[in-house]
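Trainee: Requesting a structural model of the entry that follows:
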Amino acid sequence: MKRIGLLAIMFSLIVVLGGCVPGDGTYTTDPAGFFWGVWHGWIAPVSLILGLFNDTYRVYEVNNTGWFYDLGFYIAIISGFGGVAVTRKSRG
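Mentor: I've put the predicted structure just below:
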């Protein structure tokens, strides 16, 4: 029963975060800046999964401010995925 609840929560989070993923740039009026870059870096795995099923979702925002968006995106990617590798315990 716990697994069903956990799966329901995970599915709900993916659906809710689906509204915040980068798109193909057709509905974007303002370019994404640093903080949008951080957000898109944090939800990059969700964007990747949604992008497999729908071509309008992207991992990376097309309409961005350039260097500052890239900086925020890479900071979030490195801190999110690099932090997991640091906290793992070695077996042996």
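Trainee: Quick one: mean pLDDT for stretch 6-21?
Mentor: In this model, stretch 6-21 has an average pLDDT of 81.
Trainee: swap that for stretch 48-64, please
Mentor: For stretch 48-64, the mean confidence score works out to 85.
Trainee: From one end of it to the other, what's the distance?
Mentor: 18 Å (Cα to Cα, to the nearest Å).
Trainee: Also stretch 36-52?
Mentor: Its start and end residues considered, stretch 36-52 measures 22 Å (Cα to Cα).
Trainee: ditto for stretch 56-65
Mentor: 20 Å.
Trainee: Contacts for that stretch, please.
Mentor: Stretch 56-65 is contacted from outside by 18, 21-25, 28, 31-34, 36-37, 40, 44, 47-48, 50-51, 69-70, 73, using Cβ atoms under 8 Å, 6 or more residues apart in numbering. Heads up, the C-betas are built off the backbone N, CA and C, glycines and all.
Trainee: One more pass at 7 Å, please.
Mentor: With Cβ atoms under 7 Å, 6 or more residues apart in numbering as the test, stretch 56-65 has contacts from 21-25, 28, 31-33, 36-37, 40, 44, 47-48, 50-51, 69, 73.
Trainee: So for it, what gets flagged as buried?
Mentor: For stretch 56-65, a neighbour-count test (16 or more other Cβ atoms under 10 Å) marks 57, 58, 59, 61, 63, 64, 65 as buried.
Trainee: of the residues you listed, closest to residue 14?
Mentor: Nearest to residue 14 out of those is residue 57 (Cβ to Cβ; 11.6 Å).
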